[in-house]
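1. Below are the sequence and a predicted model for it; my questions follow.
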Amino acid sequence: MIFKILIKVIYVKLWSIRMSLISPLDISKKCSKQKMDILTVISGIELVNSIVALLSIDFHVLEADVKKEQQLRQKAGSNLTDSALIGSLPNGLALEYERSDMTRRLRLVLTELPTLLNVINITEILLHVNNGPAIICRVVANFPDSFREVCVNLIQKGEKQEENISSSIRGATISMLCKMNPSQALAVRSKCVELCRMPALAIALSLDISNKGGSENEGDMVAFVSGLLLGNDQAIRNWFALFIRTGQKRKGELSSTALQQLRDELLRRLQTIINASQNGQLPNNLVVQASALLRLYCALRGIAGIKFQDDEVNMIVQLLISHPSPTPAGVRFVSIGLCMLIACPSLVSLPEHERKSIEWVQWLVREEAYFESASGVTASFGEMLLLMAIHFHSNQLSAICDLVCATLGMKIPIRHNNMTRMKQVFTQEIFTEQVVTAHAVKVPVTENLNANMSGFLPIHCIHQLLKSRAFAKHNVNIKNWIYKQICVSINPLHPVLPLLVDVYVNSIILPNIKHVEQSNKPLTENEIRRVFQSSIFGQYFNEKKSFFNMDFDAVENHDVIISETSLTPQLLLLYYLLLYEDCRLNNAHSLATSGRKIKTYSPEFLSELPIKYLLHHAQKDQSSYSTLFGPLLKLLATHFPHLTLVEDWLDDMSMKITHKTSFVSEYMLVDAFNQLEKTPSKCADILQLLLKKEAIDIWPFAEVVTQFSKNILADNVPRYVQDLYKDVWFKLNSVLPRRLWVLTVKNLVGGYSGLTRIDVAEDPLQIMRCDERVYRCAPIFAIVLRVLRASLASSRSQLNQHLQSNPRVDLSGQAVNDTEREEMCRALIAAQVSVDTSIAFKIQYWRVFTLCSIFSLLIFL
């Protein structure tokens with residue numbers, strides 16, 4: 001293309017010379033005289049005389065050779081020394097030019113011009129001449145394939161912040177190029193963002209796109225600016241925020257002009273939405289757009305530090321206090337509006353704006369229940385209102401800042417002293433502390449609460465109120481709400497649930513220092529029992545077998561629907577019980593000193609719970625219960641060491657389960673045990689089938705398995721069957737171990753029809769009164785030793801807990817150390833361990849003695 005332009009230029013010059021030599025049609029004296037004057041002037045110019053030599057050139061041939069030269073240069077892999085215009089250069093370019101005639105000189109110039117006159121360099125130079133942008137557009141129009149390259153080069157050599165006249169010319173040039181090729185405007189704008197240069201140009205291009213879109217398509221200005229300020233790239237965010245701050249300070253410069261144009265465009269959009277809202281009712285089709293605008297203004301204020309103008313404040317407040325429809329988008333709009341009042345306190349600096357904002361918040365309080373029911377959104381703005389009020393009452397301003405930032409999705413600085421007025425509004429005019437607690441207890445629980453639910457839920461509000469002891473202070477019963485929420489929770493476990501249980505337990509046992517009599521009520525045993533009754537352990541918690549009456553504190557608790565698809569409620573209640581006992585024992589001295597009587601859960605009740613099975617369930621599904629497994633294991637190892645024996649863990653880890661198993665009934669199992677001596681293979685097959693099932697699936701056979709424990713001791717029972725019986729027993733031991741120990745002791749010892757789990761812990765050595773054949777049957781003896789070890793650990797734990805929970809108090813009501821009781825407890829534990837060690841030593845002695853006797857007999861034979 002350059003070749004063509006140069007040839008056309010030469011044509012023009014030669015045409016002027018030729019015209020001077022052609023005979024004119026006008027042969028008057030005046031015309032002849034003018035012609036002579038022109039020739040006189042031209043003949044005095046040396047360059048013109050040299051151009052005359054070009055008149056003999058055949059330009060048609062030259063043009064054909066130029067086209068060949070272009071095709072040759074476009075071929076991939078072509079050598080730069082190859083040329084259709086000049087061939088080879090034996091003497092070098094400079095010397096060849098001096099020795100050549102005019103025709104060859106012209107060919108040499110045309111060959112070297114493409115390398116000397118680069119489009120990129122030309123455009124950069126043309127920026128400094130008059131009408132440079134227009135000339136650049138013409139050059140790029142002749143070289144359309146260089147459009148992107150030219151634009152990228154102009155942006156790269158531009159400034160990060162346009163601060164001088166050259167930046168203005170550069171930006172105007174790129175704008176003209178984009179108007180010439182509108183389809184590339186977005187790509188050019190993206191390059192500005194990528195290189196973090198020329199922000200005013202990026203805004204100008206966005207405005208051009210918005211203006212061309214018309215009323216139906218207003219462009220992506222809001223989304224574009226929001227992406228710059230709220231994106232993940234910190235460099236881009238800082239770059240654009242600096243542009244906003246610079247534009248506010250330097251009036252009259254390019255950045256200030258572009259910033260004002262941006263503000264005018266956003267203000268126009270605000271006005272459009274407000275005009276479409278009749279009587280303050282926000283149309284459904286504009287709710288999302290309004291939310292995006294409010295969020296953008298928050299980002300401009302919090303991240304870029306823009307100062308709102310008076311007309312902007314008026315429009316923002318007018319939009320913010322609009323009434324959206326009860327839809328998920330409407331809930332989102334209201335949530336953003338609430339947070340904006342906190343994040344931008346300048347919006348309510350005028351009394352009129354403050355009054356309207358307070359009326360709007362009061363409207364939200366009245367309509368919260370209707371919004372939640374109509375929109376179907378579980379995390380409604382009602383919880384946010386309540387949570388803000390709670391934090392304001394407890395003066396946790398940092399928590400409010402975190403709540404606002406999390407809702408808006410941006411990290412913005414909020415000064416605590418700027419929230420003073422909003423604190424007064426919330427705590428004195430909208431939500432007093434008593435109103436907060438009374439309202440919180442009436443908020444419905446979240447159905448199927450789990451960790452996949454995002455946003456601020458009622459549980460967040462209750463958790464904060466419990467931490468501040470507001471319920472106990474105003475004598476509001478929160479127990480029923482917590483019980484209901486636990487009952488309808490599923491996996492994966494919501495992370496706030498364990499924290500809720502923690503503060504609930506502390507509020508029961510550790511009352512407020514100023515008001516000792518103010519404390520929350522604990523859960524009853526029957527409420528907890530009902531949750532387990534509704535699970536897979538229901539048959540062991542029915543009313544017939546219960547030691548207690550199924551009474552409840554409130555009628556509504558009896559109608560709570562408990563989730564049967566998940567063991568989350570059972571795990572949470574187990575955590576509650578263990579934490580309650582731990583807190584009660586650790587504070588037994590202070591409780592005894594103060595004379596307070598608190599509820600104590602009976603050992604009989606605790607012994608019925610499937611603690612070990614629930615712990616293993618949490619261990620196997622740690623993705624759902626990761627926040628609960630660690631604390632549970634710690635509490636169990638402290639207060640129930642007999643349920644966390646190392647041998648039990650190793651046995652459970654070695655168990656293998658096959659999902660494709662055959663049907664086994666209780667009749668089949670009883671029949672196999674009855675025919676054990678005649679056909680032991682039948683019993684072995686049934687036991688193998690049981691081993692392939694889940695432990696919880698074979699637990700219904702626990703009574704049958706232990707009932708025939710003495711049958712396994714027969715002399716003619718194969719060792720293989722005895723080993724299978726032991727494996728089945730160890731598998732049952734992972735479900736309800738304490739119940740299994742009682743059944744085992746009853747059937748191996750005999751004469752203990754009324755034996756309970758507590759009796760086993762109080763007299764751990766009674767298992768040693770078992771049938772003498774046990775000592776000659778290694779598999780069954782391993783079962784006995786396991787029961788003995790667990791019973792001794794349980795006994796030690798009960799003795800320590802008894803000392804902790806019953807401290808001695810002197811006449812003045814102060815707790816005193818009871819050294820005598822502690823020494824007696826240690827002596828009793830030492831005696832039990834000594835007996836256990838002695839029995840184990842004697843057993844090992846008789847084993848060695850028996851083996852030696854057999855070996856001596858073999859040698860003698």
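-> That came through fine. Residues are numbered from 1 along each chain as shown.

2. which stretches of this protein form strands?
-> Secondary structure of the chain (DSSP state E): strands at 808-809, 815-816.

3. Among these, show the one with the smallest mean pLDDT.
-> Ranked by mean pLDDT, the strands of the chain bottom out at strand 815-816, with a mean of 58.

4. Identify the residues contacting the closest residue to Gln289 other than its chain neighbours.
-> Of all residues not flanking Gln289 in the chain, Ile273 sits nearest, at 6.6 Å (Cβ to Cβ, 6 or more residues apart in numbering). All C-beta atoms are positioned from the backbone trio N, CA, C, and that covers glycine. Ile273 makes contact with 282, 286, 289-290, 293, 319, according to Cβ atoms under 8 Å, 6 or more residues apart in numbering.

5. Quick check: the gap between Ile273 and Pro718.
-> For Ile273, the distance to Pro718 equals 86 Å [Cβ to Cβ, to the nearest Å].

6. same check, this time on Gln570
-> From Gln570 across to Pro718, the span is 40 Å (Cβ to Cβ).

7. the more surrounded of these two?
-> For Gln570 versus Pro718, the count of surrounding residues by other Cβ atoms under 10 Å is larger for Gln570: 24 against 13.

8. Run a quick check on the more buried one versus Ile611, I expect a contact.
-> No - between Gln570 and Ile611 there is no contact under Cβ atoms under 8 Å: 10.0 Å.

9. give the contact list for Tyr370.
-> Pro326 are the contacts of Tyr370 under Cβ under 8 Å, 6+ apart.

10. Excluding sequence neighbours, find me the nearest residue to Leu186.
-> Ile209 (7.2 Å).

11. how many neighbours does the one you found have?
-> 20.

12. what pLDDT does it get?
-> Listed pLDDT for Ile209 reads 84.

13. next one: Val188
-> Note for Val188: predicted pLDDT of 93.

14. With Ile513 instead?
-> At Ile513, pLDDT is 60.

15. next one: the one 5 residues further on
-> On pLDDT, Gln518 comes in at 64.

16. ok, now Leu628?
-> On the pLDDT scale, Leu628 is placed at 93.

17. Please verify my assumption that it contacts Tyr575.
-> Yes - using Cβ under 8 Å, Leu628 is in contact with Tyr575, at 6.1 Å.

18. Between those two, which contacts overlap?
-> Shared contacts of Leu628 and Tyr575, counting by Cβ under 8 Å, 6+ apart, come down to Pro498.

19. Got the phi and psi for Leu609?
-> Dihedral pair for Leu609: phi -80, psi 140, per degrees, to the nearest 10.

20. From Leu636, how far off is the closest residue to Gln260 other than its chain neighbours?
-> Counting by Cβ to Cβ, 6+ apart, the nearest residue to Gln260 once its immediate chain neighbours are dropped is Gly247, at 7.6 Å. According to Cβ to Cβ, Gly247 and Leu636 sit 63 Å apart.

21. can you check Pro492 too?
-> Distance, Pro492 to Leu636, by Cβ to Cβ: 22 Å.

22. hang on, the earlier thing: okay, the residue nearest to Gln260: pLDDT?
-> At Gly247, pLDDT is 88.

23. count of neighbours near it?
-> So Gly247, with other Cβ under 10 Å, has 26 neighbours.

24. hang on, it packs against Ala258?
-> Yes - using Cβ under 8 Å, Gly247 makes contact with Ala258 at a distance of 6.7 Å.

25. in stretch 342-352, what's buried?
-> 342-345, 347-348 (16 or more other Cβ atoms under 10 Å).

26. Equivalent analysis for stretch 774-793, please.
-> So, applying 16+ other Cβ under 10 Å, buried residues of stretch 774-793: 774-775, 777, 779-793.

27. Next, count neighbours for Lys682.
-> 17.

28. Please look at it and Val670 and confirm they touch.
-> No - Lys682 is beyond contact range of Val670, at 11.8 Å (criterion: Cβ under 8 Å).

29. which residues are in contact with both of those two?
-> Counting by Cβ under 8 Å, 6+ apart, Lys682 and Val670 have no shared contacts at all.

30. wait, Ala790 sits on Trp741?
-> Yes - Ala790 lies in contact with Trp741 (Cβ under 8 Å); the separation is 6.5 Å.

31. what's the span of stretch 423-431 from first residue to last?
-> Length of stretch 423-431, first residue to last, Cα to Cα, to the nearest Å: 10 Å.

32. List the buried residues in that stretch.
-> The neighbour-count check on stretch 423-431 (16+ other Cβ under 10 Å) flags 423, 425-427, 430-431 as buried.

33. Show residues contacting it.
-> Contact with stretch 423-431 is made by 354, 358, 361-362, 365, 385-386, 388-389, 392-393, 397, 433, 439, as judged by Cβ under 8 Å, 6+ apart.

34. Among these, name the buried ones.
-> By 16+ other Cβ under 10 Å, the contacts of stretch 423-431 give 354, 358, 361, 365, 385-386, 388-389, 392-393, 397, 433, 439 as buried.

35. Give me the phi and psi for Arg469.
-> Note on Arg469: its backbone torsions stand at phi 60, psi 30 [degrees, to the nearest 10].

36. how much space between it and Asn520?
-> Between Arg469 and Asn520 the computed distance is 9 Å (Cβ to Cβ).

37. so what sits against both of the two?
-> Common contacts of Arg469 and Asn520 (Cβ under 8 Å, 6+ apart): Ser507.

38. my guess is Ala592 contacts Ile598, does it?
-> No - contact between Ala592 and Ile598 fails when scored by Cβ under 8 Å: they sit 10.9 Å apart.

39. before we move on, the earlier item: can you redo the contacts of Ile273 as a markdown table, where the extra columns are distance to Glu253?
-> Below are the contacts of Ile273 laid out as a markdown table (distance: Cβ to Cβ, whole Å):
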| residue | distance to Glu253 |
| --- | --- |
| Leu282 | 38 |
| Leu286 | 35 |
| Gln289 | 31 |
| Ala290 | 32 |
| Leu293 | 27 |
| Leu319 | 30 |
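
40. Can you pick out the most distant pair from the residues you listed?
-> Farthest-apart pair in those is Leu282 and Leu293; separation 11.6 Å (Cβ to Cβ).

41. can I assume Trp729 is in contact with Val787?
-> No - the criterion here is Cβ under 8 Å, and Trp729 misses it with Val787 at 9.8 Å.

42. what is in contact with the two at once?
-> Listed as contacting both Trp729 and Val787 by Cβ under 8 Å, 6+ apart are Thr744.

43. right, and Glu163 touches Lys249 too?
-> No - counting by Cβ under 8 Å, Glu163 does not reach Lys249; the two are 11.3 Å apart.
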